[in-house]
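Undergrad: show me how the following folds:
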Amino acid sequence: MGQAIAFDTHAYVKKLIAVGFTEEQAEVQAETLASLIDDRLATKQDIAEVKRDIKEMELRLTVKLGAIGATCIIIVAALVKLL
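TA: I've put the predicted structure just below:
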């Protein structure tokens, strides 16, 4: 992934303890949530990279479709001359 997401695990643990979690439960919860954020949450940089990749693929597809269209026109023109 791109840049890190700021997540204050210490403050999160304190909040969980304040509402009745044990310190061990709060720490496990905070570690698990921090891991999920690091592993699965896309950053703006990640999204921008995916958008760039999509634009590149669209361009390649446009070029290929243009080549296919031109080839079809040539084939049709050749067939018209033959018939």
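Undergrad: next, residue 20: secondary structure please.
TA: Three states are possible here, and by DSSP: H, G, I helix; E, B strand; the rest coil the one that applies to residue 20 is coil.
Undergrad: distance of it from residue 28?
TA: In this structure, residue 20 and residue 28 are separated by 15 Å, where distance is defined by CB to CB, to the nearest Å. Every residue, glycine included, has its C-beta placed from N, CA and C.
Undergrad: and the two? which has more neighbours close in?
TA: Neighbours were tallied for residue 20 and for residue 28 using other CB atoms under 10 Å; the higher tally belongs to residue 28 (14 against 8).
Undergrad: buried sites along the one helix or strand residue 60 maps to?
TA: Residue 60 is part of helix 44-82, with elements assigned from DSSP states H and E. Residues of helix 44-82 classed as buried under the neighbour-count rule (16 or more other CB atoms under 10 Å) do not occur.
Undergrad: domain ranges for the protein, per the record?
TA: With automatic domain parsing serving as the domain definition, the record reports that the chain contains domains spanning 1-41, 43-83.
Undergrad: now mean pLDDT too, for these, in CSV please.
TA: Shown next, in CSV, are the domains of the chain (pLDDT from 0 to 100):
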stretch, mean pLDDT
domain 1-41, 89
domain 43-83, 95
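Undergrad: give me the neighbour count for residue 30.
TA: Around residue 30 sit 21 other residues, with neighbours defined as other CB under 10 Å.
Undergrad: residue 18 now?
TA: By other CB under 10 Å, the residues close to residue 18 number 9.
Undergrad: and if you look at residue 17?
TA: Close neighbours of residue 17, defined as other CB under 10 Å, add up to 14.
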